[in-house]
Each structure stands twice: as C-alpha cells, then as structure tokens.
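Trainee: Let me see the structure of the following:
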Amino acid sequence: MPKYAGNLWNMSACNRLVAERSESRRHDKHIRALESTRGMTDATPPAEYAHLRSKPKTRKLQEDRAAEIQLENRILLQKMLNIDTKPSQLQSDMTLTAVKPRSLHGDAQKRDLDRITSENQALLQRLQNTKPSIDPRAWDEEEVDRQALKFRLSQNAGRGRMLKLRMPATKPPMGYWDVRHFE
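Mentor: A predicted model of the protein is given here:
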C-alpha cells in the first residue's frame, strides 16, 4: 500500500527526475510482484501411471478376438479344401446332357440386334460416301480478302496522313483444314 494513499502532500516530489525515478522503481516492484504470483488452480498435467497407459485388458480382448478369427478362418479354409478335393455328386454324363436355360425373348432380341447392326453399317457407309460440303481453299481466299480490307480500312483511318504501311503476309492454309483431308 503506498504511503501517499489519498494524501496529495505525500505524492509530491522535489523535481521531475526524482518523480520519474520513484515512479520507475514503483513500476519495477509491481512487475516483480506480478511475476512471482502463483495461480490458485493447479494447471500441471496429472501424473501418468504405466499400468493405465498400457491397457492390458483391452490388449487381451483384442488378442482373444484375433485368435477367434484365426480359428474361424482355418475352419472355413478346411471346409473349402474338402469341397474342392471331394468328387462331384453329379455324374459326368449328366453334366454333358444338361440343357442351357434360354430366354423367352431371346429370338426377338437377336433379331433386333441384327437389325440395329445392319442399320448402323448402312449409316456408316452413307457417311463415308458423302462428299464434304465445305471448301478450305475458299476459306483461305476469303481470309486474304478480309486481311486486305482490314489493311485498307486501317490506312484510310489515318484521316489525311498517308502512311506507307506494308501489306501483311499471307498465311499458309491452316493445318487442320488442310486441303488433303477433303479431296
């Protein structure tokens, strides 16, 4: 508790340096007091005990379950081996004379499949025999004309000044629309 609690005459200092030094000391004392305080609640982690961490009961249950599964798997494997090695109850001549099950609509489905296949073949033949309706050469000529028109428009847009601009180079035919694809 400060000495000057509520008393203005006890707070005064003779000059500014003394006041700053006393304020600095008071502040340092306050900081040390804050650093040395301890909390009321214990925040340390609880002690760990080895017998609780290892969980022997859970491990024992897991081992027992794994042993049961192994036993069941071994029994199933033995049964499968017995089935494979035991001769068949059916005689071989009965298996040869067995009739394959047939669908009630099998003939109709086969006719539909044949019809669809033949129609698809006819459509493919028509598509392969048609001539192309586009001409890539005409596209290239139109592109040259369009470039020339664009060049003339850009020259005329100068409004009074005559610029000597060179003509753009013509491009070779496009790779995908090469003429060889359509002949």
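
Trainee: could you give the mean pLDDT of the one helix or strand Arg115 maps to?
Mentor: Assigned by DSSP states H and E, Arg115 belongs to helix 106-129. Averaged across helix 106-129, the pLDDT comes to 94.

Trainee: what's in contact with that helix?
Mentor: If you take Cβ atoms under 8 Å, 6 or more residues apart in numbering as the criterion, helix 106-129 is touched by Ser103. In short, each C-beta sits where N, CA and C put it, glycine included.

Trainee: now the helices: where do they sit in this structure?
Mentor: Secondary structure of the chain (DSSP state H): helices located at 8-11, 16-35, 50-54, 56-85, 92-96, 106-129, 136-156.

Trainee: for the ones you listed, which one ends up most surrounded?
Mentor: Among these, helix 136-156 has the highest mean neighbour count (mean count of other Cβ atoms under 10 Å), at a mean of 12.

Trainee: tell me how far it is from the chain's mean position?
Mentor: 47 Å (Cα atoms, centre = their mean, to the nearest Å).

Trainee: Check stretch 131-146 too.
Mentor: Worked out by Cα atoms, centre = their mean, stretch 131-146 lies 44 Å from the chain centre.

Trainee: Stretch 111-121 too?
Mentor: For stretch 111-121 - counting by Cα atoms, centre = their mean - the centre lies 42 Å from the chain centre.

Trainee: for stretch 43-52, same thing?
Mentor: Distance, centroid of stretch 43-52 to centroid of chain: 42 Å (Cα atoms, centre = their mean).

Trainee: Ok, stretch 63-80 next?
Mentor: 40 Å.

Trainee: Now do that stretch, average pLDDT.
Mentor: Rounded to a whole number, the mean pLDDT of stretch 63-80 is 96.

Trainee: Please apply the same query to stretch 41-54.
Mentor: 85.

Trainee: ends of that stretch, how far apart?
Mentor: 29 Å (Cα to Cα, to the nearest Å).

Trainee: Please apply the same query to stretch 36-46.
Mentor: First-to-last residue span, stretch 36-46, Cα to Cα: 23 Å.

Trainee: same deal with stretch 100-112?
Mentor: 22 Å.

Trainee: how far does that stretch sit from the chain's center?
Mentor: When distances are taken as Cα atoms, centre = their mean, stretch 100-112 is centred 45 Å away from the chain's centroid.

Trainee: Please apply the same query to stretch 72-91.
Mentor: For stretch 72-91, the distance to the chain centre is 46 Å (Cα atoms, centre = their mean).

Trainee: Same check on stretch 16-33?
Mentor: On Cα atoms, centre = their mean, the centre of stretch 16-33 falls 61 Å from the chain's centre.

Trainee: Make 198 the starting number, not 1.
Mentor: OK, 198 is where the count begins now, so the last one is stretch 213-230.
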